[in-house]
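A.B. asks: Please work out how this folds:
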Amino acid sequence: MLYDYIVKNFEKDEPIFLVELPGKSREAVRQEMKKLTDEGKVERLYNGVYYRSYQTILGTKGKVSMDKFIQKRYLEVNGEVTGYITGLQLANMYGFTTQNPSCYEVCSNEASTKQRKLDIDGRQLILYKPVADVSRENKGALQFLDFMSTIDKYSEVGGDEFVFKLRAFTDSIGVDFRQVKRYISLFPDRVYRNIYQGGLMSELV
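C.D. replies: So this is what the prediction gives:
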């Protein structure tokens, strides 16, 4: 039974894409998912995407995890790296700012336009098209360059603390500076200044 498969293979707040489910045909799976939705066993996020119905510990209706949705839909598709987190959210994650982002920002090969705003179950997502296709090899470099093109807007730290945090950031995301040199010309000139201020210019020589 399809619902048993879902319970066994998907966490309660994990997005379930129609293409991930077994069945004789896509239409048969779609019909079965509609039936499970009508029975209140699954929730439909939007066309072709569902998640299990559940209640939170507060007794309210559970939602799909945005982090899991973004990971499966935009950051890693079919085992291939396809995108990365960017913007204020990224600066907050690595301690450059205490500002909490009001939306999620993602750069992904799955984007069809330069910038698009999406509403996912009442939560905002801004989707950007990358300057070059993101892959496992270049993801760290592109994320770093993207970060360096906007860090002066978001960072609340400077001096030695900025240098320290930036080095920790590049180590954490695994920046390959050979890839940085390959793609740096696709980014604004201020990237060079920010890299210099961050004490990483020697990595580009």
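A.B. asks: so how far is the first residue of stretch 125-137 from its last?
C.D. replies: Distance between the two ends of stretch 125-137: 25 Å, counting by Cα to Cα, to the nearest Å.
A.B. asks: residue contacts, the closest residue in space to residue 93 that isn't next to it in sequence?
C.D. replies: Using Cβ to Cβ, 6 or more residues apart in numbering and skipping the chain neighbours, the partner closest in space to residue 93 is residue 85 (7.1 Å). Bear in mind the C-beta positions are built from the backbone N, C-alpha and C, glycine included. By Cβ atoms under 8 Å, 6 or more residues apart in numbering, the contact list for residue 85 reads 70, 75, 93, 104-106, 143.
A.B. asks: In strands, which of those residues appear?
C.D. replies: 104-106 (DSSP state E).
A.B. asks: with those in mind, which one is nearest to residue 187?
C.D. replies: Checking the ones in strands among the contacts of residue 85 against residue 187 with Cβ to Cβ, the nearest one is residue 105 at 16.3 Å.
A.B. asks: how many neighbours does that closest one have?
C.D. replies: 21 (other Cβ atoms under 10 Å).
A.B. asks: Quick check: the closest residue to it other than its chain neighbours vs residue 99, distance?
C.D. replies: Nearest non-adjacent residue to residue 105, counting by Cβ to Cβ, 6+ apart: residue 87, 3.4 Å away. Distance of residue 87 to residue 99, given as Cβ to Cβ, to the nearest Å: 11 Å.
A.B. asks: Neighbour count for these two, which is higher?
C.D. replies: Neighbour totals were compared for residue 87 and residue 99, and residue 87 leads with 20 against 12 (other Cβ under 10 Å).
A.B. asks: pretty sure the more buried one is touching residue 126, no?
C.D. replies: Yes. Using Cβ atoms under 8 Å, residue 87 is in contact with residue 126, at 7.3 Å.
A.B. asks: Poorly predicted segments of the chain, please.
C.D. replies: Applying pLDDT under 70 to the chain picks out no residues at all.
A.B. asks: quick one, domains of it?
C.D. replies: Under the assignment automatic domain parsing, the domains of the chain span 2-52, 66-204.
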